[in-house]
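**Student:** Fold the following, please.
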Amino acid sequence: MDNFDRLCRLSSDEKWDEFVKNLDTKTSEKRIIAKLAEILTKPEANLPPNVLFSILKCLANTCVHFKHEAPEQIQNNSTKYLANHCHELYRELSMCSPVDEESLSNAFPYNGIAEWVIDYLDDHTTENGEEQIKIVRTGLRFLCNVSTTTDRGYKAFLSHQNLRIIIGQLLHWNDTNVLLLTCALIHNILFNMTESSPPFEPLSTLEGLIRADTLKVSTANDTIMLFLRQTPDLLDTVYEYLSMEAKLYLTEIIYQNLKDVVYKQNNEGESLPENTIIYLMNRFKKRSDLILKTVDSYLNDMEPAEVTILLDILGVLSSSDRRECHILQRDNSLLINAVFLLRAMHMAGKEENNYFTPVQTLTDIVPNSSRDEDTASDSREDIRNHPAFGFKAGLIRLIGNLVHKHRANQNTLRDTEGISVILDCCNIDGRNPLILQWCIFAIRNACEGMSKNQQIIANSEKIKFIDNDILREMGVTLHEDETGNTVGIVALPKEPEAEKSFNEWD
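**Tutor:** You can find the predicted model right below:
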């Protein structure tokens, strides 16, 4: 008696403990696989948990041997198509002789198994005992494996109407392995999908993925970014309904991932959809005034922190000559918003000593022996933790990027008197590290190929007070006419070994 016949006899006699002992979970024999599928999908079957686990484990392993195909594509030995009757199909396939099995294609109809797994998950959406958790894990591993068998393997279970809800529920489990497999399943489906919208409930899925990432689930971060890339309207649909904590966490994930994509010049396919970029830009424009409410207080409210992260995101998106920058440059209102916000912050900092006032002495930042250590430490902590820390420098950086080789924006900067504001910010400021360098960068971009802007610089008294040594370190210098009067900023002669792209200034 071969192993197939032995398994058939043991299953008929319901000798399940012996059945499990005789089951090789790494088998690639199609008759045995079909028999296992038949046993699993038998109507009203009541299999013990250890049997369910072993069968599912074996079926999950078979995905390395067979690609998925729909039932109507599998032809049995009697040349009949058995569509939508998976249990009967599996029974027919299990009756094939070894000779017939060799003549069949290297494919297997996983639909019925996938349907069974999803139904099981639907009936066990809460954690209840280790045996159930093991079966859930193995069922998810099966779905993950099927979703990678071919580029259309995931379609084996996408039509299940409860899948949208189940995914969101599983993402709120505490079992790390369940979270890991659920994130991997979502990733596989998203990676292979061609439809306009994924088969997930967007809000619960995104919230669950964020939660999984906070729990250090390794697949969550990549899945979140893939969800954003594959779902152009995702933020439009769910962002407003996220908690502020989730908003901050999500935008920080976006910011960190964009730095890798843009600064490392990764594949364009890893960038965000245009709709998502526009949403982030509009969100910043809509909420940016919140930063002005922090002028004389810290405000524990997290909303200003969201504005800060959004500015960081726009700074990265605009920092390279890629499609993301061109999308932002097309919206003239973003530049106008940034200029007026910069002016408001700068003027507020001049009116009185507040959180926008430039810090230009070292003792205001670093404690010394003449100051009380605790007071100095608290002062330094306030400066660095305040939402406005680095915000002015970030605005100037964004402005400089938006006017880079963009004539219309260069004109807008001049028309809004933004050049004079930037020149007025050309001072060392402990609240805004590198602000002087970003000012010079923005002025350089504003003047490039734009004689009207160059004339404004030439007529400005403020340009005379910028340290030329600092300018030379950045590849530009103050240009003087024959009488020794400063005219403006011009580029130094290029030396190939010293050339820098403006990305390196970040």
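**Student:** any idea how far stretch 255-275 is from the chain center?
**Tutor:** In terms of Cα atoms, centre = their mean, to the nearest Å, the centre of stretch 255-275 is found 9 Å from the chain centre.
**Student:** no no, stretch 111-130
**Tutor:** Distance, centroid of stretch 111-130 to centroid of chain: 29 Å (Cα atoms, centre = their mean).
**Student:** Other residues contacting it?
**Tutor:** Contact with stretch 111-130 is made by 37, 40-41, 56, 59, 70-71, 86-87, 89-90, 132-133, 135-136, 139-140, 142-143, 146, 156-157, 160, 162-163, 165-166, 169-170, 173-175, as judged by Cβ atoms under 8 Å, 6 or more residues apart in numbering. Every residue, glycine included, has its C-beta placed from N, CA and C.
**Student:** Dump that stretch to CSV, restricted to CA.
**Tutor:** C-alpha atoms of stretch 111-130 as CSV (Å, rounded to 0.1, in the frame of the first residue of the first chain):
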residue,chain,number,x,y,z
ASN,A,111,-9.7,28.5,-5.5
GLY,A,112,-11.7,26.1,-3.3
ILE,A,113,-8.9,26.0,-0.7
ALA,A,114,-8.6,29.8,-0.6
GLU,A,115,-12.4,30.1,-0.2
TRP,A,116,-12.2,27.6,2.8
VAL,A,117,-9.4,29.6,4.4
ILE,A,118,-11.2,32.9,4.1
ASP,A,119,-14.4,31.4,5.5
TYR,A,120,-12.3,30.0,8.4
LEU,A,121,-10.7,33.4,9.0
ASP,A,122,-14.2,35.0,8.9
ASP,A,123,-15.4,32.7,11.6
HIS,A,124,-12.3,33.2,13.8
THR,A,125,-11.6,37.0,13.8
THR,A,126,-10.6,37.2,17.4
GLU,A,127,-7.7,35.5,19.2
ASN,A,128,-8.9,32.4,21.1
GLY,A,129,-6.3,29.8,22.0
GLU,A,130,-3.0,28.7,20.6
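**Student:** which stretches of the stretch 201-350 of the chain form helices?
**Tutor:** 202-214, 220-230, 234-238, 244-263, 274-287, 303-317, 323-330, 332-351 (DSSP state H, counting those that start in this stretch).
**Student:** for these, which one ends up most surrounded?
**Tutor:** helix 303-317 (a mean of 23; mean count of other Cβ atoms under 10 Å).
**Student:** could you give the mean pLDDT of that helix?
**Tutor:** Confidence over helix 303-317 (mean pLDDT, whole number) is 95.
**Student:** what helices or strands is that helix leaning on?
**Tutor:** On a contact count with 3 or more Cβ pairs under 8 Å, 6 or more residues apart in numbering; DSSP states H and E, helix 303-317 meets helix 244-263, helix 274-287, helix 323-330, helix 391-402.
**Student:** Make CSV from those helices and add distance to residue 22 and mean pLDDT to it.
**Tutor:** Compiled in CSV, the helices and strands packed on helix 303-317 are given as follows (distance: least, Cβ to Cβ, whole Å; pLDDT from 0 to 100):
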stretch, distance to residue 22, mean pLDDT
helix 244-263, 48, 92
helix 274-287, 53, 96
helix 323-330, 58, 95
helix 391-402, 66, 96
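**Student:** Same list (the ones you listed) but as a markdown table, adding distance to residue 119.
**Tutor:** Output for the helices and strands packed on helix 303-317, formatted as a markdown table (distance: least, Cβ to Cβ, whole Å):
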| stretch | distance to residue 119 |
| --- | --- |
| helix 244-263 | 31 |
| helix 274-287 | 35 |
| helix 323-330 | 43 |
| helix 391-402 | 51 |
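**Student:** wait, which of those helices is closest to residue 309?
**Tutor:** helix 244-263 (4.4 Å; Cβ to Cβ).
**Student:** between the closest one and helix 303-317, how big is the angle?
**Tutor:** 10 degrees (axes from the mean of the first three to the mean of the last three Cα atoms, to 10 degrees).
**Student:** report the angle between the axes of helix 244-263 and helix 220-230?
**Tutor:** Angle of helix 244-263 versus helix 220-230, following the same axes, to 10 degrees, is 80 degrees.
**Student:** Could you pull up the contacting residues of the residue lying closest to residue 140 once chain neighbours are set aside?
**Tutor:** In space, and not counting its chain neighbours, residue 140 is closest to residue 181: 3.8 Å by Cβ to Cβ, 6 or more residues apart in numbering. Shown in contact with residue 181 (Cβ under 8 Å, 6+ apart): 137, 140, 141, 144.
**Student:** Quick check: which ranges of this structure have low pLDDT?
**Tutor:** Where the chain drops to pLDDT under 70, the residues are 1, 68-85, 97-105, 149-160, 194-197, 265-269, 298-301, 361-382, 462-506.
**Student:** Which parts of it are strands?
**Tutor:** Remark: strands assigned in the chain by DSSP state E are 67-68, 107-108, 476-480, 486-491.
**Student:** Contact partners for the closest residue to residue 253 other than its chain neighbours?
**Tutor:** Ranked by Cβ to Cβ, 6+ apart and with sequence neighbours excluded, the top spatial neighbour of residue 253 is residue 224, at 5.8 Å. With contacts defined as Cβ under 8 Å, 6+ apart, residue 224 is in contact with 206, 209, 210, 213, 250, 253.
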